[in-house]
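S.K.: Dropping a prediction and its sequence here:
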Amino acid sequence: MTVQWQMFRFALVGVVNTGTYYGCYLVLLTWLPYIAAHVLAFGLSMTGSFFLNSHFTYRTRPTWRKFLLFPLTNAANFVITTGGVYLLVDVGGLSDRWSPLVAAAAAIPITFVVSRTIMLRPEPVRAPGPERSPVG
């Protein structure tokens, strides 16, 4: 599969992920302050994003190792969107309903590069252990 095709699939997953995030954010916003709603919605959508990207975008088997590394793909995204949401709402005075969508757009290219690196990285090969002889 070409990088362009992966980018297209990544974008499709991103649309689904953004919808999931935004829907969770709006629901959580009815009970929580906007930053808490953002953090929880982000975590939920990131889990879904891992499985969609694993199966649909990169066609690779999900592993615990990749799952545990996957949050690194969103670390920059998280910092950019969280900072962006704060700046747009508290500094810029924009709506807390629309600001997350605006902030998320800036982080997409960085997320793709890191995601591709982690998801397509070969699993480490374990060296065979020493043969054990029976104790006699």
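M.R.: Yep, it's here.

S.K.: show me where the chain has helices.
M.R.: 3-29, 34-52, 64-73, 75-86, 99-105, 108-119 (DSSP state H).

S.K.: want to throw these into CSV with mean pLDDT, mean neighbour count and distance to residue 58?
M.R.: C-beta coordinates here come from the backbone N, C-alpha and C atoms, glycine included. Converted to CSV, the helices of the chain look like this (pLDDT from 0 to 100; neighbours: other Cβ atoms under 10 Å; distance: least, Cβ to Cβ, whole Å):
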stretch, mean pLDDT, mean neighbour count, distance to residue 58
helix 3-29, 92, 16, 7
helix 34-52, 93, 18, 10
helix 64-73, 88, 15, 10
helix 75-86, 86, 18, 17
helix 99-105, 85, 19, 21
helix 108-119, 85, 17, 4
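
S.K.: so can I have TSV of the ones you listed showing distance to residue 92?
M.R.: As requested, the helices of the chain are exported to TSV (distance: least, Cβ to Cβ, whole Å):
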stretch	distance to residue 92
helix 3-29	18
helix 34-52	14
helix 64-73	27
helix 75-86	10
helix 99-105	8
helix 108-119	20
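
S.K.: quick one: which of those helices is nearest residue 125?
M.R.: helix 64-73 (12.6 Å; Cβ to Cβ).

S.K.: For the closest one, which outside residues touch it?
M.R.: Identification of contacts with helix 64-73 by Cβ atoms under 8 Å, 6 or more residues apart in numbering yields 46, 49, 50, 54, 60, 111, 114, 115, 118, 119, 121, 123.

S.K.: could I get these as CSV with distance to residue 38?
M.R.: Shown next, in CSV, are the contacts of helix 64-73 (distance: Cβ to Cβ, whole Å):
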residue, distance to residue 38
46, 12
49, 15
50, 19
54, 24
60, 29
111, 16
114, 20
115, 20
118, 23
119, 25
121, 29
123, 33
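
S.K.: To residue 93, which of the helices of the chain lies closest?
M.R.: With respect to residue 93, and counting by Cβ to Cβ, the nearest of the helices of the chain is helix 99-105 at 10.0 Å.

S.K.: Can you list the helices and strands that the closest one packs against?
M.R.: Packing partners of helix 99-105 (3 or more Cβ pairs under 8 Å, 6 or more residues apart in numbering; DSSP states H and E): helix 3-29, helix 75-86.
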